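Novice: this one's structure only:
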């Protein structure tokens with residue numbers, strides 16, 4: 001019975017954390033969190049966005065593949081466009097129609113991956 005209680009607690013915590021990550025944020029919270037990001041993220045049309053340039057297409061595409069793995073783990077996927085060595089990443093929570101903590105969590109992961117590239 002103890003294992004079932006433990007698994008239930010883990011499951012409940014997962015849903016609670018998921019809920020907290022999906023809460024809408026107000027403008028001040030968004031601007032504060034945007035300043036804490038390490039790269040050149042911008043707030044454009046109520047979405048957070050970064051434009052990146054790599055030395056070639058393969059490096060851009062490999063970066064996208066690395067980020068895609070994290071996106072699947074979070075079950076949160078960006079709107080992104082790749083043209084040769086350029087990558088535009090736009091984050092917002094689609095089902096909420098706004099920016100949530102989940103977007104900033106993914107932005108921090110992307111920031112770390114960019115740091116790891118250098």
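Specialist: Arrived safely. Being a predicted model, the structure only gives us computed values, none of them experimental.

Novice: how about the strands in the chain?
Specialist: For the chain, applying DSSP state E gives strands covering 42-44, 47-53, 79-83, 86-91.

Novice: strand partners (parallel or antiparallel) of the last one?
Specialist: Just to be clear, that refers to strand 86-91. Strand pairing for strand 86-91, determined by DSSP bridges: strand 47-53 (antiparallel), strand 79-83 (antiparallel).

Novice: now do the buried residues in that strand.
Specialist: 87, 89, 90, 91 (16 or more other CB atoms under 10 Å). In this view, the C-beta of every residue, glycine as well, is placed from N, C-alpha and C.

Novice: dump these into a markdown table; add distance to residue 31 as well.
Specialist: Shown next, in a markdown table, are the buried residues of strand 86-91 (distance: CB to CB, whole Å):
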| residue | distance to residue 31 |
| --- | --- |
| 87 | 24 |
| 89 | 19 |
| 90 | 17 |
| 91 | 15 |
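
Novice: which of the residues you listed lies closest to residue 74?
Specialist: Set against residue 74, the nearest of those by CB to CB is residue 91 (11.0 Å).

Novice: need the strands of the chain in a markdown table (columns: distance to residue 113 and mean pLDDT).
Specialist: What follows is the strands of the chain, written out as a markdown table (distance: least, CB to CB, whole Å; pLDDT from 0 to 100):
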| stretch | distance to residue 113 | mean pLDDT |
| --- | --- | --- |
| strand 42-44 | 18 | 95 |
| strand 47-53 | 11 | 97 |
| strand 79-83 | 13 | 98 |
| strand 86-91 | 11 | 98 |
